[in-house]
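Student: Sequence first, predicted model second:
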Amino acid sequence: MEAIQPKARAADQELKKKLLDSKLEPKGFDLPLRKMRTEAALYREANLPLFIEEQKLNAEYNRLIGGLT
């Protein structure tokens with residue numbers, strides 16, 4: 001998770017940026033484009049370690065909850 005997730009997030013951001021920079025707006029794609037614009041505007045590389053920590057905590061929580069059932 002620590003090795004792959006940051007690279008995957010950065011690559012995803014680059015793809016979003018390329019699509020948004022192309023100014024393509026396919027019909028019926030308004031909402032997904034708006035979501036991509038918002039995600040691209042909020043993306044910060046400094047938040048990647050926080051995202052990884054959140055993923056670890058979620059996995060641990062799910063493991064604990066799964067053990068209760």
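Tutor: Cool, got the structure. These numbers were taken from a predicted model, which means no experiment stands behind them.

Student: Go through the chain and flag its longest helix.
Tutor: helix 48-68 (DSSP state H).

Student: what's it in contact with?
Tutor: 1, 2, 5, 6, 9, 10 (C-beta atoms under 8 Å, 6 or more residues apart in numbering). C-beta here means a position set from N, CA and C on the backbone, and glycine is covered the same way.

Student: Neighbours of the first one, how many?
Tutor: Other residues lying near residue 1 total 10 when counted by other C-beta atoms under 10 Å.

Student: tell me the contacts of it?
Tutor: Counting by C-beta under 8 Å, 6+ apart, residue 1 has contacts 52, 55, 56, 59.

Student: Looking at neighbours, which among those is most surrounded?
Tutor: Using other C-beta under 10 Å as the neighbour test, those are led by residue 52, with 17 neighbours.

Student: For the residue nearest the centre of the chain, what is the enclosing helix or strand?
Tutor: Nearest to the mean C-alpha position of the chain, by C-alpha atoms, centre = their mean, lies residue 9 at 5.6 Å. Assigned by DSSP states H and E, residue 9 belongs to helix 5-22.

Student: Quick check: buried residues in whichever helix or strand residue 38 is part of?
Tutor: Assigned by DSSP H and E, residue 38 belongs to helix 30-42. Applying a neighbour-count criterion of 16 or more other C-beta atoms under 10 Å, one finds 36, 40 buried in helix 30-42.
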